[in-house]
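J.: One predicted model, sequence on top.
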Amino acid sequence: MMITAPMLQLTNDACEAVLILTDGLQQSELLRSRLTRAEVQRQVRCLADTLADAPDALRHLMPEMDWAGWRATRLALPLPGAQQDEALWFAVQSLVPATLSWLRVYREQQPGLFQAWH
């Protein structure tokens, strides 16, 4: 299960990046900002792709993670227009903060998941 440590670190880092980039932004501001939106979208896509590749064993060990929400976001991000906008904002407002919170809980409860080979 050690292979999950880099994946979880990447997930943590991408979540933190999204929170920093969107701090204080309203939905309309994010969607209008070409540069910030592009970077947030890149980070959210990275998160969705990384979590989609999570092994079943990890999903079982982290049941509170919103695996279905990330899967739906991954499917909606490539779609232009309202679906993409809604998926991006849902990720920013809900998925990312919840994921980061759960990672903190799991890091305390199951530290072995977060330890990489040295």
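T.: Yep, that arrived. Numbering: from 1, shown residues only.

J.: per-residue confidence averaged over stretch 84-92?
T.: Throughout stretch 84-92, pLDDT has a mean value of 97.

J.: Buried residues, it. List them.
T.: 84-85, 87-92 (16 or more other CB atoms under 10 Å). For the C-beta atoms, the positions are set from N, CA and C on the backbone; glycine is no exception.

J.: Excluding its own residues, what touches it? List them.
T.: Residues outside stretch 84-92 that contact it (CB atoms under 8 Å, 6 or more residues apart in numbering): 18, 22, 27, 30-31, 37, 40-41, 44, 47-48, 69, 72-73, 76-79.

J.: for stretch 45-53, same thing?
T.: By CB under 8 Å, 6+ apart, the surrounding residues in contact with stretch 45-53 are 7, 10-11, 14-15, 18, 65, 67, 70-71, 73-74, 77, 91, 95-96, 99.

J.: hmm, 6 Å instead?
T.: Residues outside stretch 45-53 that contact it (CB atoms under 6 Å, 6 or more residues apart in numbering) are 7, 10-11, 14, 70, 73-74, 77.
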